[in-house]
Structure formats: C-alpha cells, structure tokens
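**Student:** Return a 3D structure for these sequence lines:
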Amino acid sequence: MSRQSDLASVEDKALVTAAQDGSTAAFEELVMRHRDQLYARAFSILRNEDEAVDLTQEAWIKIWRRLGQFQGGSGFATWATRVVINLCLDQLRKKRRRAEESIEQISEESGGVEQFLPSETANPTLRLEQAELREHIDAGLAQLSPEHRAVLVLHAFEGLEYKEIARRVGCSLGTVMSRLFYARRRLAAVLNDEDLQNFR
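**Tutor:** All right, here's what the predicted structure looks like:
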C-alpha cells in the first residue's frame with residue numbers, strides 16, 4: 001500500500017495535526033479532499049471561473065500559513081470554507097470600491113453548484129434529480145448580484161445568522177434582511193416551490 005493510499009484513510013483531524021507538525025504530504029491530502037468544495041464555494045459567490053481558481057489558490061496558501069491557529073473547534077472543512085468566504089467578501093469589497101457600477105456586471109458564466117448538494121449518492125435517480133436541481137439553482141444564482149449572492153450563500157448554505165452576516169459583509173442588519181428578501185424573490189422567478197425549500 002502506498003503512502004498516498006495510507007493517507008487517504010486518515011481522518012481530517014489527524015491530517016491537520018500532522019500538517020501542523022510540518023508534514024507536507026498530510027497537507028496535500030487535505031487539499032486533495034477539499035479543493036473542489038472550496039472552489040465551488042468561491043465560484044458560488046464570485047461567479048467567475050478564473051477568479052474562483054485564483055482565490056482558491058490564495059486561500060490554500062493562507063490556510064497553510066494559518067494552520068497553527070486551527071484549534072479544532074469546528075471541522076477542518078468548515079474552517080477552510082470560512083477562509084474562502086472571507087477572501088471572497090474582501091474581493092467583492094475591493095471591486096465595489098474600484099468601480100461601483102462594474103461590480104453588478106461580474107461574469108455570469110454558468111457552472112456547477114455541487115456544494116449545495118450531498119457529496120455522494122449511490123442512487124442514479126437521485127443523481128439525476130440533483131443534476132436538475134443544480135441547473136435550477138445555478139440559473140437562479142446567475143441572476144443575482146455578487147452582494148445578494150454572498151448574503152444568500154452565507155445564510156442558506158453556511159447557516160450564519162443575520163448579525164454574523166452583517167459583521168462579515170460590513171453592512172447593517174437591515175441591509176442583510178433586504179438583500180435576502182430580494183435574492184429569494186429573484187430566485188422564485190426561476191425555481192419551483194420544491195426547490196425554494198432549500199433557501200428557507
């Protein structure tokens with residue numbers, strides 16, 4: 001059995017500990033496990049493939065540098081996702097400062113939203129249903145501005161409370177509520193009632 005296959009059976013917590021002790025192999029295994037999830041989260045907010053790739057790479061560098069700060073209070077994937085989300089929000093704030101108008105016209109490239117769905121399933125019928133749901137969700141997200149998309153992702157998929165979203169995004173509680181209302185209303189135009197349950 002190769003070292004890589006040995007690492008594949010090790011839990012995240014143990015890999016993190018090994019990586020904190022300087023094991024690059026353990027960190028590479030963590031990257032292999034979670035890179036798609038982190039990219040998907042970045043893309044769900046930025047809606048631009050190139051930007052999502054660049055930001056995800058930046059996130060992994062930051063994660064490696066800050067690995068010593070990880071205390072295990074949450075899962076590694078949750079902690080790493082927070083790093084990505086914060087970088088996304090920082091990037092959106094920079095874009096807004098540079099050009100208030102252009103931020104509303106960020107690329108509307110379509111792509112997968114696998115992060116909103118279970119990572120694995122053995123049921124072919126369920127996979128087909130999930131593929132259809134991905135298309136519906138993607139169509140809805142593509143119609144939202146980055147600000148509205150970020151608030152929706154943080155609330156619906158990261159489970160953050162309004163106050164925490166307001167703190168991270170840097171806006172008032174009322175603005176968060178307003179953006180969520182608007183985002184859900186826009187999604188209602190392309191999603192059916194069953195799909196909308198994912199956003200409540």
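
**Student:** how close does Ser74 sit to Arg184?
**Tutor:** According to Cβ to Cβ, to the nearest Å, Ser74 stands 27 Å off from Arg184. C-beta: built from backbone N, CA, C; applies to glycine.

**Student:** pLDDT on stretch 185-200, on average?
**Tutor:** Per-residue pLDDT values over stretch 185-200 give a mean of 63.

**Student:** ok, now stretch 87-95?
**Tutor:** Taken as a whole, stretch 87-95 has a mean pLDDT of 85.

**Student:** can you list the residues that contact it?
**Tutor:** For stretch 87-95, the external contacting residues (Cβ atoms under 8 Å, 6 or more residues apart in numbering) are 41-42, 45-46, 51, 55, 58-59, 62, 102-103, 106, 146-147, 150, 168-170.

**Student:** Just the pLDDT at the residue most central in space within the chain, thanks.
**Tutor:** Within the chain, one residue has its C-alpha closest to the average C-alpha position: by Cα atoms, centre = their mean, that is Arg41, at 2.0 Å. As summarised for this prediction, Arg41 has a pLDDT of 91.

**Student:** List the residues that contact it.
**Tutor:** By Cβ under 8 Å, 6+ apart, the contact list for Arg41 reads 81, 84-85, 88, 115, 153.

**Student:** Which of those sits closest to Val16?
**Tutor:** Using Cβ to Cβ, the shortest approach to Val16 within the contacts of Arg41 belongs to Thr81, at 14.5 Å.
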